[in-house]
Every structure is written in C-alpha cells, then in structure tokens.
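Visitor: Sequence below, structure please.
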Amino acid sequence: MTQVPNEELTTFEVMSIFEKLLPDPNHKTALMLWGLTGTGKSQIQRQILQKLTNGKPAWKPAKGVATTGALEVIGDWGLIDLRMSLLEPTDLLGLPDLKGGMMRWVAPDVLPIVGQEDRFPEKGIVFLDEFTQAQPAMQSAGFSLVLDRRCGPHVLLPGWKIVSASNYERENANTYQFSAPLRNRFKHYHLRCSLDAFKEWAYQNNIDARVLAFLSFQPDYLHKPTEVPEESFPTPRSWASASFSLETFTNGFLEKELAASIGPGTASMFKGFLDVFQSPELAVDIRKVLAKKVKTPELTASKPNIAWAFSSSICGHVRQERALLPAAVEHFASDAWKDVMEIGRTGLADLKYVVGKEEFAKALQPLVTEVTKRYGKLL
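Guide: A predicted model of the protein is given here:
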C-alpha cells in the first residue's frame, strides 16, 4: 500500500472502534492498523486496555505457575507484543519433539493457546507489530493464525484477539508486500496524524505546553520526515521526547538534545520559538492577567508567535490550577484577542483538552452566546 486512503481515523476514533470490537466475543476478525511512523500505533493497544480495565483487579497466574516474559498484564486482560520482523516461523509453530515414534510440535512459550489457560488471562490481545517487515515465510506462518486463530496444532484461546500494525510501504524500503489472501484476512484501519488528537493526548500526559504552542503555530511540523538517514525528525512520538528534554536540560545542551529527538533543523526553529517566551511582552503574571489585575500583552497579527505563546501559557496554567478555568474562558472571550481571533479560538478550544469536555462546557456556559458570536460553536 503506497497511498494513504481518505478514510483515515484519529487515534481516539480508532480507540473508540477497537473498544467495541475487542470485548465482543462474537467478533473474531483480525484488525490491521496502518499509519505513519511515530503516530502511536503500538501504544494504542495499551491505552485501549487501560480504558477497558479501569479499576479492575489485575489477573494473576495460579500459584506456582510460571508465565512467559512476553506477557504484559493490564487489569484482567493480557497483551502479547510480538515484533513479526524478528520472528521465525518456528516461534509460532514451535519445535518438533519426537516421542514414542510420533512427532509432535512443542507449544511456543509466547502464544496464549488452548491447554495453557493457567499461564494466560482469559482474554487479551496478540499484537503482531511490523507485519509488513516480516519476511514472506514469516507472513505465511501468520496466515492461519490470523484467519483460523491457530498455528499448526495450536489453537488460540477464545477470548484473545489479534491486532496488527504496520508503517506504510512508502515510508520504509525494508517492507514486503502483503499478498492479497493475507490482506483479505484483516479489517484495515488507517490512522491520521491529527494535531487535535495529539493535543488531546498531550494535555492528558503532561507534554510541555510550549511544544503544543509551537505546533499550533507550525502545524506542518507535527510529522515532517527527512531524507537524511542519520537524523531524527518530528513525529508525535519524537515531540514527546522533546518535551522530556525541555524538563531535563534546563541549562546547556538543550538545542543539541532537541536535535537528537526532532532533528537539527526543526530543533533550531523550535529553540527560536522558545526564546519568544522570554520576550518583554510575555513578562507578565498569568494569574494576575486572568484576575484583571494587570494588563494583557498586546496581541497582534504582526506577532503571531507572541499570541501563540501567550495562549499556551494560559492553557498551561489552567492545567496546573483548574480553578483558573472560568477566568481563562472569559479572557479568551474578551476583546484582547480581537486581532488574532483564530489563535484565540484555538486557545479556547484547547482548554477542553486540558480539563475535559464536560468541565469545559460547564465553564463555557455563562459565556456561550458571546463566544459563539465571536468564534462559532466550540462543542
């Protein structure tokens, strides 16, 4: 597959679909997730199980039973993460064992199969990652596992589902084409690299607000591959790494550390944007601004970077102190943003990612008419 189809889904849309299919005992079809590098295809599985098992006690094996190191337990579900490109067919089929004049296939340690109920939870996900990077022989070995839920004599436990993922062929030359019969054995979903979805995840996972401000200002840099093989490049995953660098390297080496995550060109641009936060216009106390005790910085279309930085600073303060939310909503609805309305609208909309849609709707309600006149509907 070399073209990205139009029917793309955000991370949260994929999660909503999978959350319905995976617990359904009648749904047995394997799921295939396609997406660009660094967009969270692997992490989605864990996030789904964390939602499905929220508050449920963790499964534990019977006393004295040894489990496989490949098993990750999330609540009462299991997760087996297999990198198909690193496997051989015998890793799924097992090795032959000759006893009593008859050859048998010894069960592989990593598969949750019938007869191994004491070593695995009743339900879970077998995640076959990097499927298109697996050699043809390995893809063939996965045929019956994907369609018939078995590999040789080994039958997958009924409650376990198969999910696979792969980058697009145009991104990686080390891929092998999916044969039509194998491709037809999956339901295919395509992940869209969405800034809104990344923001929703990022505000929930303490990604630095300055990263989100830069990406709002330069959205093309959310995912921007480079042709230089020795360099990293910006993706949602590498921006999360850059956020960690901002916290860790407060003195010295910051630009080099950012370059290690998002590439030198992007790091230089981002470092320049970070300097905006030190500008005189932003040398204000956000809490006092929201309390109307000090003047709002001048926000103009001629200096959009100042407006984006100020917007993200407000969202960052609300994340730290939820009580500031009503004042932040009122501020975005004020005339301070009249010359940069699109930035104001984005900043206001970002608050729903910071606090959640219900809390945001409650804070918005007293000003909903005024906000709608200025920005249009936000919910």
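
Visitor: what about the stretch 151-300 of the chain, any weak spots by pLDDT?
Guide: Residue ranges of the stretch 151-300 of the chain with pLDDT under 70: 172-173.

Visitor: can you give me the helices in it?
Guide: Along the stretch 151-300 of the chain, counting by DSSP state H, counting those that start in this stretch, helices occupy 180-183, 195-204, 209-217, 236-248, 254-262, 264-276, 286-290.

Visitor: mind checking which of the ones you listed is nearest residue 112?
Guide: Residue 112 sits nearest to helix 180-183 of all the helices of the stretch 151-300 of the chain, at 21.7 Å, using CB to CB. Using the backbone N, CA and C atoms, a C-beta is placed for each residue, glycine as well.

Visitor: before we move on, back to that, identify, out of the helices of the stretch 151-300 of the chain, the most deeply packed stretch.
Guide: Counting by mean count of other CB atoms under 10 Å, helix 209-217 has the highest mean neighbour count of the helices of the stretch 151-300 of the chain, with a mean of 24.

Visitor: Find the nearest non-adjacent residue to residue 221, please.
Guide: Distances taken as CB to CB, 6 or more residues apart in numbering place residue 234 nearest to residue 221, at 5.1 Å, with adjacent residues excluded.

Visitor: So what's the residue count around the one you found?
Guide: Look at residue 234: counted by other CB atoms under 10 Å, it has 27 neighbours.

Visitor: can I see the domain layout of the protein?
Guide: By the record's domain assignment, the chain is partitioned as 8-191, 195-375 (automatic domain parsing).

Visitor: Can you name the residues in contact with stretch 342-358?
Guide: The contact list for stretch 342-358 (CB atoms under 8 Å, 6 or more residues apart in numbering) reads 199-200, 202-204, 212, 216, 299, 304, 307-308, 311-312, 314-315, 318-319, 322, 325, 328-329, 332-333, 336-337, 360-361, 363, 371, 374-376, 378-379.

Visitor: List the buried residues for it?
Guide: With burial defined by 16 or more other CB atoms under 10 Å, the residues of stretch 342-358 counted as buried are 343-355.

Visitor: export those to CSV and tack on secondary structure, distance to residue 291 and pLDDT?
Guide: Formatted as CSV, the buried residues of stretch 342-358 follow (DSSP: H, G, I helix; E, B strand; the rest coil; distance: CB to CB, whole Å; pLDDT from 0 to 100):
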residue, secondary structure, distance to residue 291, pLDDT
343, helix, 22, 96
344, helix, 19, 96
345, helix, 23, 96
346, helix, 23, 95
347, helix, 18, 96
348, helix, 18, 96
349, helix, 23, 95
350, helix, 21, 96
351, helix, 17, 96
352, helix, 22, 95
353, helix, 23, 95
354, helix, 19, 96
355, helix, 19, 95
